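Enquirer: Coordinates for the following, if possible.
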Amino acid sequence: MTVAYVDPSVMSYTVQAIAGVAIALGVVFGVVWRKIKRGANKALGRDENSGKEVEEEVVRK
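Expert: Alright, predicted model coming up:
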């Protein structure tokens, strides 16, 4: 049985590549989820800001 040598720099690059792909997939999923949620709320006639409190604008003179 032959054991292959894996250079540490190759493993570091591989880990970074896998982490980059995971982060990119998370961002894509988040964007798609928000678009789906916004479309569903619009189709159902819901306002996503209806339950939020809005503070008055502060103006200094």
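
Enquirer: Please count neighbours and contacts with C-alpha atoms only from this point.
Expert: Fine.

Enquirer: How confident was the prediction at the most centrally placed residue in the chain?
Expert: Closest residue to the average C-alpha location of the chain: Val27 at 3.1 Å, with C-alpha atoms, centre = their mean. Note for Val27: predicted pLDDT of 98.

Enquirer: Name the SS class of it, please.
Expert: Classification of Val27 using DSSP: H, G, I helix; E, B strand; the rest coil returns helix.

Enquirer: same check, this time on Trp33
Expert: Applying three-state DSSP: Trp33 is helix.

Enquirer: can you offset everything so residue one is 36?
Expert: Right, with 36 as the first residue, what we last looked at is Trp68.

Enquirer: Now do it, the pLDDT please.
Expert: 96.

Enquirer: how far away is Val93 from Val62?
Expert: 34 Å (C-alpha to C-alpha, to the nearest Å).

Enquirer: Send me stretch 85-96 as PDB with only the CA atoms.
Expert: The C-alpha trace of stretch 85-96 is given here as PDB (Å, rounded to 0.1, in the frame of the first residue of the first chain):
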ATOM      1  CA  SER A  85     -46.900  46.400   9.300                       C
ATOM      2  CA  GLY A  86     -45.900  45.200  12.700                       C
ATOM      3  CA  LYS A  87     -42.800  47.500  13.100                       C
ATOM      4  CA  GLU A  88     -42.700  50.600  15.100                       C
ATOM      5  CA  VAL A  89     -41.400  53.700  13.300                       C
ATOM      6  CA  GLU A  90     -39.700  56.500  15.200                       C
ATOM      7  CA  GLU A  91     -40.100  60.100  14.300                       C
ATOM      8  CA  GLU A  92     -37.300  61.700  12.400                       C
ATOM      9  CA  VAL A  93     -35.000  63.800  14.600                       C
ATOM     10  CA  VAL A  94     -34.200  67.200  13.100                       C
ATOM     11  CA  ARG A  95     -31.800  69.600  14.900                       C
ATOM     12  CA  LYS A  96     -32.200  73.300  14.300                       C
END
